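Engineer: what's the 3D shape of this:
(one chain, ligands or ions: 1)
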Amino acid sequence: MMSSGCEDSSVNTMGIRGIPEQCGCGRRFGIYTSKTKVNPGRTFFRCPTFQNDHLYKWVDEAVYEEVQDALPKVECFASDVMKIKMEIESMKTVEGELKEDVRKARNELKKLNVIMKVGFLVVCLGVVICLVLIMFDKADGLSLNTY
Ligand SMILES: [Zn+2]
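Structural biologist: Now for the predicted structure:
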């Protein structure tokens, strides 16, 4: 069968791309809303320790990365679906051809049946004609002998 190239090959070792599962320290992050003038109301993931070398990431950026990383997989799945559709189409064609073959074979069989019946009749007729001829021959012989 065909092999799918859609295995998840992306290794998220650092937890850098996409939506993080937890901070590097193992703590579950919190979601906070920025109150700065630069990014007012913007939400971000952050380690509850609030230390600079711990998780800190904008939610919109994480979601954007998540979608970007998922796109090749989606495209891959889409092409797989296309391949499967094409396989089904070719199977349908083969099925149609097989049906056509069966129909042809049935017609051939019908023809063969007719030919055999006709042939049998011809053979029977031949046998009857031969018998009649032999009988006439014998009759002639008899009539000749009696003559
Ligand atoms: Zn942390």
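Engineer: Centre-most residue in this protein?
Structural biologist: For the chain, I84 is the residue whose C-alpha lies nearest the centre (CA atoms, centre = their mean; 3.9 Å).
Engineer: Packing partners of the lowest-mean-pLDDT helix or strand in the chain?
Structural biologist: Between all helices and strands in the chain, the lowest mean by mean pLDDT, DSSP states H and E belongs to helix 59-146, at a mean of 90. Here helix 59-146 touches strand 43-46, going by 3 or more CB pairs under 8 Å, 6 or more residues apart in numbering; DSSP states H and E. (Glycine included, C-beta is placed from N, CA and C.)
Engineer: quick one: the strand it packs on to chain centroid distance?
Structural biologist: On the basis of CA atoms, centre = their mean, to the nearest Å, strand 43-46 sits 44 Å off its chain's mean C-alpha point.
Engineer: which parts of that strand are buried?
Structural biologist: 44-46 (16 or more other CB atoms under 10 Å).
Engineer: what's the spacing between P20 and C47?
Structural biologist: 9 Å (CB to CB, to the nearest Å).
Engineer: Give me the more crowded residue out of the two.
Structural biologist: Using other CB atoms under 10 Å, the more surrounded residue of P20 and C47 is C47, with 22 against 19.
Engineer: my guess is the more buried one meets H54, correct?
Structural biologist: Yes - if you go by CB atoms under 8 Å, C47 and H54 touch, sitting 3.5 Å apart.
Engineer: Common neighbours of these two, please.
Structural biologist: Contact criterion CB atoms under 8 Å, 6 or more residues apart in numbering; residues shared by C47 and H54: 23, 25, 27.
Engineer: Backbone dihedrals for the first one, both of them.
Structural biologist: Read that as C23. phi -70, psi 160 (degrees, to the nearest 10).
Engineer: Enumerate the residues of the chain near the ion.
Structural biologist: Within reach of the ion by CB under 5 Å from the ion, the chain has these residues: 23, 25, 27, 47, 49, 54.
Engineer: Residues in contact with both of P20 and C47, list them for me.
Structural biologist: 29, 55.
Engineer: circling back: going by distance to K111, which of the buried residues of strand 43-46 wins?
Structural biologist: Ranked by distance to K111 (CB to CB), the buried residues of strand 43-46 are led by F45 at 78.1 Å.
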